[in-house]
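Enquirer: here's my sequence, what's the structure:
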Amino acid sequence: MSSLEFDESLLTGESIPITKSTGEIAFTGSLAVRGHGRARVIATGNETELGKIGKSIESIPYTRTHLQQSIDSIVKAIGGIALLTVIAIVIIYGVTRGSWLEGGIAAIAAAMALIPEEFPVILTLFMALGAWRMARVRVIARQAPAIEALGSVTVLCVDKTGTLTRNEMTVSEVQIDHRVIPAHAAVDSEDGFELLRIASLAAPKTPFDPMDKAFRALVEIEVITEELISVAEFPVIKERLAYIHIWRQGPSLLVAAKGAPEHIAKLCGIEGVAVEEINQRVTTAGEKGLRVIAVATAVGEAGKTESIEGFEFRFLGLTFLKDPIREGVPASVRECVTAGIRTIMITGDHPTTARSIAQEIGLHHPNDVLTGSQLSLLSDDELSEHVRRCQVFARVTPGDKLRLIRALQANGEVVAMTGDGINDAPALRAADIGIAMGGRGTDVAREAAHLIITDDDFTSIVAGIRRGRAIYANIQKAMTYVIAIHIPIFGMALVPVLVADWPLILVPALIAFHEVIIDPASSIAFEVESPDPKIMSQPPRKPHSGVFDRKEILLALLQGFSIFTLVFVIFLGNIASDTPEEKVRALTFATLVIANVILILINRSRTLTLWEALIKRRNKAIPWLIFGATTLLLLLLNVPLIRESFDLEALQWKEYLSLVALSYLSVSWLDLHKIITRRRSGH
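Expert: As a prediction, this is how the structure comes out:
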């Protein structure tokens, strides 16, 4: 074996190659980037570390989102109530009026009015269109329900390598004598270019090591090797942690060496205070997450290539390499803080590197770092306490990541996990929202994830969260509206059954006609509604909370009963004045249709009044909705054949205008509530 190094980033998240010695294990899924050696196979298939990760993924089931579970509960509850109501109506109607057939028709009408069959339409359409809108901001949804779940995320667990960073080593700066120079500036200076040139030459002719590639990215290697011929190479060995390459340059030899600072210093004969200064600089750089490589050179006579003995090496300086932060990451982390989302960094890197990256991206308490070895000593309960405050985890294994996700979930958090490596897959599957990187991500990670970021841009995750919140808010508005409008419809289908002398106003055909308005209205008008500009300044909704909290339920009930009161008063007043049954049915039904449109308009925004929303927020569906509802209502009441089929009577224009005014007045208290709430909050 000769200086064998492996890139194990897919398994461990560690971006720096690992040197292997005799007796150590080379893992399936890792990549040999330097040296050569022989190995004996000790495990295959599911017994390898890669196979164990695959088995752990298979054992973790996908879970339904909180919204799906909430909707299931609501539908089951309403379905049970509808069944009992149907039975009661048939019995009451049959006993009091002696007509079991009409009782069955009335029961069907009540069931149609009570059951919110729009819910499946809302979820299906909102998720499908939401996936399309997500794709426009470079977020692909593998599972549509995960889109709305983004809006409830309280913790974002981020894999460092390839997610926060670019997963590629770059030279950030160099030190020559006591001068520290940025790498891009060093290329333009004579001694800086010489340092980088020698560092590039101290590598194999075709390098695989990311560090070697980083140096060659700064200089035109084809130009600087044009007059050079490779003569001999001396790979890294334990006794000399430096790579040395001898090149023929005309009649003489050029020797390029780079490696661990202490070994390069020894090669150059540097001792005493100078070595202490180098070591101090290495320590300081390590605290910043930088890898330090020293560079030296020598010249000699041609023919002397068997060893490096006899060459007098000259110390050129130090180079500092890092895996750079992706552009926009710090700003995205700050936006997450504003949105009430806690960001946790999880990495396989050294704690010092993790701490430096955490400081650079702006995490709170970056010095509070917990390592994988420390995690292994904690019980599940102790870990649950630590994850409440710690935001940086280093040297973690795939099993550690899985434990962290489960500990956070045990605390009631809704967890989103980002990652791109095979080592991230189990945690991606276990998280409430698994987010894989599409460009750099492995197939295993993408298959385990719920969402895929196509451009590997951390800022796209924030855009996805913003869109997820908007989708959930619009779903909530749509369902509040659906519950509200079903109350007056159900009420007018039920109340006439309870009084023997009152005619049935809403027969199944009229209710079905009304559903033609409700379904497209709730599914389209609310789906295209633009999000609140301050949606990312609001905290996440409470974990495990249903689609309706007490406030939303109260809001829906108050709106529904307000409309029902109006419709019932119009119905009762006309019944008391002996208005013909056809006219009563027409007035009642027209009021329901008009109130339906008013409810849609007033529920578009939780902060803007109906009139403000019409002026300030563009919604392409609203004009078509108003036009469609008006046209259908006028056709129904004014085309004789249709009107007579439903036992209706035509209305006057004054009556239409009166119904519009009364419908708005019945729910105008909601606009007043919005104005008062805004003033109290200072907006």
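Enquirer: show me where pLDDT drops low in the stretch 401-550 of the chain?
Expert: Applying pLDDT under 70 to the stretch 401-550 of the chain flags the ranges 499-500, 519, 522, 543-548.
Enquirer: for it, which segments count as strands?
Expert: Counting by DSSP state E, counting those that start in this stretch, the stretch 401-550 of the chain has strands at residues 415-419, 433-437, 451-453.
Enquirer: for Thr44, find the nearest of these.
Expert: Closest to Thr44 of those is strand 415-419 (CB to CB; 25.6 Å). Where C-beta positions appear, they are placed from N, C-alpha and C, glycine not excepted.
Enquirer: what about stretch 474-486, distance to the chain center?
Expert: Remark: stretch 474-486 is offset 26 Å from the chain centroid, using CA atoms, centre = their mean, to the nearest Å.
Enquirer: got a list of contacts for that stretch?
Expert: Taking CB atoms under 8 Å, 6 or more residues apart in numbering as the criterion, the residues outside stretch 474-486 that touch it are 67, 113-114, 116, 118-119, 122-123, 126, 148, 518, 521-523, 526-527, 529, 531, 547-548, 552-553, 555-557, 559-560, 563, 595-596, 599-600, 603-604, 606.
Enquirer: kindly reformat the strands of the stretch 401-550 of the chain as CSV containing mean neighbour count and distance to Pro330.
Expert: Conversion of the strands of the stretch 401-550 of the chain to CSV gives the following (neighbours: other CB atoms under 10 Å; distance: least, CB to CB, whole Å):
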stretch, mean neighbour count, distance to Pro330
strand 415-419, 29, 16
strand 433-437, 30, 18
strand 451-453, 25, 18
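Enquirer: ok, which of the ones you listed comes nearest Asp380?
Expert: Asp380 lies closest to strand 415-419 among the strands of the stretch 401-550 of the chain, at 15.5 Å (CB to CB).
Enquirer: ok, residues contacting that closest one?
Expert: Around strand 415-419, the neighbours that count as contacts under CB under 8 Å, 6+ apart are 150, 153-159, 163, 401, 405, 408-409, 424-425, 427-428, 430-437, 441, 445, 449, 453, 458, 461, 465.
Enquirer: please redo it, this time with the cut-off set to 6 Å
Expert: 153, 155-159, 163, 405, 408-409, 427-428, 431-435, 445 (CB atoms under 6 Å, 6 or more residues apart in numbering).
Enquirer: can I get it in PDB, CA atoms only?
Expert: These are the backbone C-alpha positions of strand 415-419, laid out as PDB (Å, rounded to 0.1, in the frame of the first residue of the first chain):
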ATOM      1  CA  VAL A 415     -38.500  18.700  10.700                       C
ATOM      2  CA  ALA A 416     -37.200  19.400   7.200                       C
ATOM      3  CA  MET A 417     -33.900  17.700   6.400                       C
ATOM      4  CA  THR A 418     -31.600  18.700   3.500                       C
ATOM      5  CA  GLY A 419     -28.900  16.500   2.100                       C
END
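Enquirer: can you add distance to Val396 and give the strands of the stretch 401-550 of the chain back as CSV?
Expert: As requested, the strands of the stretch 401-550 of the chain are arranged in CSV below (distance: least, CB to CB, whole Å):
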stretch, distance to Val396
strand 415-419, 12
strand 433-437, 17
strand 451-453, 22
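Enquirer: so what touches the helix or strand where Asn279 lies?
Expert: Secondary-structure element containing Asn279, defined by DSSP states H and E: helix 273-287. Contacts made with helix 273-287 from outside it, assessed by CB under 6 Å, 6+ apart, are listed as Pro261, Ala265, Val292, Phe320, Thr352.
Enquirer: how much space between the second one and Leu195?
Expert: Separation of Ala265 from Leu195 (CB to CB, to the nearest Å): 15 Å.
Enquirer: so which residues of the stretch 301-450 of the chain form helices?
Expert: Using DSSP state H, counting those that start in this stretch, the helices of the stretch 301-450 of the chain run over 329-338, 351-361, 372-376, 380-386, 398-410, 425-430, 443-448.
Enquirer: re the thing from before, of the contacts of stretch 474-486, buried ones?
Expert: Neighbour counting over the contacts of stretch 474-486 (16 or more other CB atoms under 10 Å) leaves 67, 113-114, 116, 118-119, 122-123, 126, 148, 518, 521-523, 526-527, 529, 547-548, 552, 555-556, 559-560, 563, 595-596, 599-600, 603-604, 606 as the buried ones.
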